[in-house]
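Student: fold the following.
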Amino acid sequence: MAEHENENEYEHVRVAVVGSGFAGLGAAVRLRREGITDFVVLERAGSVGGTWRDNSYPGCACDVPSHLYSFSFAPNPDWPRSFSGQEHIRAYLEHVTDVFELRPHIRFDSEVKRMVWDGERLRWEIETSSGRLSADVVVSATGPLSEPKLPDVPGLDTFPGKVFHSARWDHDYELRGKRVAMVGTGASAIQIVPSIQPLVSRLTLFQRTPAWVLPRVDRAISGAERALHRALPFTSRLRRGLLWGVRELQVQAFTKHPGELGFVEQLAKRNMGRAVKDPALRAKLTPDYRIGCKRILLSSTYYPALAQPNVEVVASGLSEVRGSTVVGADGTEAEVDAIVFGTGFHVTDMPIAERVVGAEGKTLAETWAGGMQALRGASAAGFPNWMTIIGPNTGLGNSSMILMIESQLNYLADYLRQLDVLGGRVALDARPGAVSAWNHRVQERMKRTVWNTGGCTSWYMDASGRNTTIWPGTTTEFRRATRQVDLAEYAVLRASAGGKEAARQENAEVTA
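Tutor: A predicted model of the protein is given here:
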């Protein structure tokens, strides 16, 4: 499967995929369906699953319906609930790995340490924790929710109790009867809080910003429904299509007419009012920004848990730790035995970018110092034959990321076809002008979206206040934009005679 140019060379493959979550496994399946078998999947852990392997905290589940949060080419008629739990999604990914015979391609315990572009040989030199290899093309599928983000809290290093992030849950630590501080009120926290509230003696929730929370209309999928989906697969496709269509119709409210979301705010307030009777607590939990500006959260148990007598909501962030005492920015103090951080991930400053060195000797992190941007969410200028799945401005605020992943896999497949058509040792490098033009169009559309105008500060924004995370349109629009590669947006690099230096092809037919 792999080739060696001579005995002194290390392994060389056509494609190296980094990560084995939805994006990485999807890329591997697509490569096989395209007839490409000379590839490896580099996975830092000992099993597949990505974020659904790493996040195993109590109550962990998806907020996108099961039949939409799965590959179109690998439908699962046996989802047990309308919103699946972490264990079911992880099992699904293991199943996909086996059905499509991906395990022979996966290198477990192989964390990528560094990737450097070799401009003479037109290939990527890759150093991993298990050895070295090279590849013609790299597909970065590490995902934006892979590296936990911990705040720099003064005194945290002296805390005598237990500290961990929601994505690195310590299952050996017994929370029952403990005094616990939960820091954060995002998608993970609203699942953790109701799961641990009945167990702990005291739960102190540090809420920097309240979230808009709608009821989670979850139920068990009956045996009859599952049998129907198995016997008549089109019924499963129909269910998926209806779930997709409803979300496509919602997009305009997020992207063009945020004012229309006022009705949804009233639903969220009624959801809160049914469970929280204390006016002071309701005031703490009511956001002052437009719904949708931050991700809308789904839970029917979060508010009831906060109303319990063993829970205190601190309407500020955690500012300091003094021994076993945690202190909020508003001065509130609490003695705790454990601190759980539900503080999100490095999204706009992806750590993998520090490990990728491009054609000019700069890391991707240095190139993206002023903000992430990539042509059609996939290609960065100066990084030939390097593509990212779930790259800049490919995130969604109301639908399934699997739809976006599959669109980017279409783009990847055509990218590889174009390399075959061009022939020889060749690489494609996104033109800076094409990247800038694409990013300009995206940012112009972003200006009137609820994510930019809703009055909140969210993890969608980078340090300079630019939204480099969300796609400001429908999944249909994105699929159209990534259906095929436009060679006019790329410079073609060819190995010159003797292989000493790559020649940049600027032919009229390429630049036209």
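Student: surely T204 and V326 touch.
Tutor: Yes - contact between T204 and V326 holds when scored by C-beta atoms under 8 Å: they sit 6.9 Å apart. The way it works is simple: take the backbone N, C-alpha and C, and place the C-beta from them, glycine included.
Student: overlap in contacts, the two.
Tutor: A181, A334, V336 (C-beta atoms under 8 Å, 6 or more residues apart in numbering).
Student: most neighbours among those residues, please name it.
Tutor: Tallying neighbours with other C-beta atoms under 10 Å puts A181 at the head of the shared contacts of T204 and V326, with 27 neighbours.
Student: phi, psi of that one?
Tutor: Taking degrees, to the nearest 10, you get phi -100, psi 130 for the backbone angles of A181.
Student: is F164 part of a helix or strand, or is it coil?
Tutor: The local conformation at F164, judged by DSSP: H, G, I helix; E, B strand; the rest coil, is strand.
Student: can you check A334 too?
Tutor: The three-state label given to A334 by three-state DSSP is strand.
Student: my guess is it contacts V180. True?
Tutor: No - look at A334 against V180 with C-beta under 8 Å: they stay out of range, at 9.7 Å.
Student: what touches both of the two?
Tutor: By C-beta under 8 Å, 6+ apart, the residues touching both A334 and V180 are R202, T204.
Student: give the buried residues for the strand or helix carrying L133.
Tutor: Here L133 sits within strand 131-140, counting by DSSP states H and E. Using 16 or more other C-beta atoms under 10 Å as the test for burial, strand 131-140 gives L133, S134, A135, D136, V137, V138, V139, S140.
Student: next one: stretch 452-461
Tutor: N452, G454, C456, S458, W459, Y460, M461.
Student: any idea which of the residues you listed is closest to R355?
Tutor: Within the buried residues of stretch 452-461, proximity to R355 (C-beta to C-beta) peaks at W459, which comes in at 21.7 Å.
Student: any low-confidence regions in the stretch 1-150 of the chain?
Tutor: 1-8 (pLDDT under 70).
Student: and K284, what element?
Tutor: Using DSSP H and E, K284 falls within helix 279-285.
Student: could you say what helices and strands that helix packs with?
Tutor: On a contact count with 3 or more C-beta pairs under 8 Å, 6 or more residues apart in numbering; DSSP states H and E, helix 279-285 meets helix 262-275, helix 302-306, strand 311-314.
Student: can you give me the buried ones in stretch 467-482?
Tutor: 467-475, 477-479, 481-482.
Student: of T204 and V326, which one has the most company?
Tutor: For T204 and V326, the more surrounded residue by other C-beta under 10 Å is V326, and the numbers stand at 27 against 24.
Student: what secondary structure does that one sit in?
Tutor: strand.
Student: picking up where we left off before, would you turn the buried residues of stretch 467-482 into CSV with secondary structure?
Tutor: Shown next, in CSV, are these (three-state DSSP):
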residue, secondary structure
N467, strand
T468, coil
T469, coil
I470, strand
W471, coil
P472, coil
G473, coil
T474, coil
T475, helix
E477, helix
F478, helix
R479, helix
A481, helix
T482, coil
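Student: which one of these is nearest to T255?
Tutor: P472 (5.2 Å).
Student: wait, the closest one touches T453, no?
Tutor: No - taking contacts as C-beta under 8 Å, P472 lies outside contact range of T453: 11.6 Å.
Student: quick one, domains of the chain?
Tutor: Split into domains by automatic domain parsing, the chain comes to 11-147+346-511, 156-217+244-341.
Student: starting at the chain centroid, how far to the first one?
Tutor: Its chain's C-alpha centre and that of domain 11-147+346-511 lie 11 Å apart, by C-alpha atoms, centre = their mean, to the nearest Å.
Student: of the domains of the chain, which is nearest S236?
Tutor: domain 11-147+346-511 (5.1 Å).
Student: now do the same contact list for L175.
Tutor: Counting by C-beta under 8 Å, 6+ apart, L175 has contacts I196, L199, V200, A338.
Student: and the closest residue to the third one other than its chain neighbours, how many residues sit next to it?
Tutor: In space, V200 comes closest to V180 once its chain neighbours are excluded; the distance is 4.8 Å by C-beta to C-beta, 6 or more residues apart in numbering. Under the neighbour criterion other C-beta under 10 Å, V180 is assigned a count of 24.
Student: mind checking pLDDT for the nearest residue to P432 once chain neighbours are set aside?
Tutor: Using C-beta to C-beta, 6+ apart and skipping the chain neighbours, the partner closest in space to P432 is A381 (4.4 Å). A381 carries a pLDDT score of 98 in this model.
Student: do the same with the one 3 residues further on
Tutor: Per-residue confidence for P384 comes out at a pLDDT of 98.
Student: now do the one 4 residues further on
Tutor: At T388, the model reports a pLDDT of 97.
Student: which strand residues bridge it?
Tutor: For T388, the beta-bridge partners under DSSP bridges are S140.
Student: give me the residues contacting stretch 466-473.
Tutor: Stretch 466-473 has contacts (C-beta under 8 Å, 6+ apart) with 144, 251, 255, 347-348, 371-373, 377, 392-397, 404, 442-443, 445-446, 449, 451-452, 459-462, 478.
Student: and for stretch 379-386?
Tutor: 115, 117, 122-124, 136-138, 140, 356, 358-360, 362, 364, 367-368, 373-375, 387-388, 419, 427-432, 434-435, 490, 493.
Student: among the residues you listed, which are in helices?
Tutor: Taking DSSP state H, the ones among the contacts of stretch 379-386 that sit in helices are L364, T367, L419, P432, A434, V435.
Student: can you pick the most crowded of the residues you listed?
Tutor: Using other C-beta under 10 Å as the neighbour criterion, L364 leads the ones in helices among the contacts of stretch 379-386 with 24 neighbours.
Student: mind checking how far that residue is from Y10?
Tutor: 23 Å (C-beta to C-beta, to the nearest Å).
Student: same deal with T348?
Tutor: Using C-beta to C-beta, one gets 34 Å for the distance from T348 to Y10.
Student: who has more neighbours, the two?
Tutor: Neighbours were counted for T348 and for Y10 using other C-beta under 10 Å; T348 has more, 20 against 14.
Student: would you confirm that that one contacts A463?
Tutor: Yes - assessed by C-beta under 8 Å, T348 is found in contact with A463 at 7.3 Å.
Student: what's the helix or strand where A23 lies packed up against?
Tutor: Assigned by DSSP H and E, A23 belongs to helix 22-33. Under the contact definition 3+ C-beta pairs under 8 Å, 6+ apart, helix 22-33 sits against strand 11-18, strand 39-42, helix 86-99, helix 401-422.
Student: circling back: out of the helices and strands packed on helix 279-285, which one sits most buried?
Tutor: For these, the largest average neighbour count (mean count of other C-beta atoms under 10 Å) is found in helix 302-306, namely a mean of 22.
Student: between the shared contacts of T204 and V326, which is nearest A28?
Tutor: So of the shared contacts of T204 and V326, ranked by how close each gets to A28 (C-beta to C-beta), first place is A181, at 40.5 Å.
Student: show me what contacts A378?
Tutor: Contacts of A378 by C-beta under 8 Å, 6+ apart are M387, T388, I389, G391, Q408, Y411, L412, Y415, T482.
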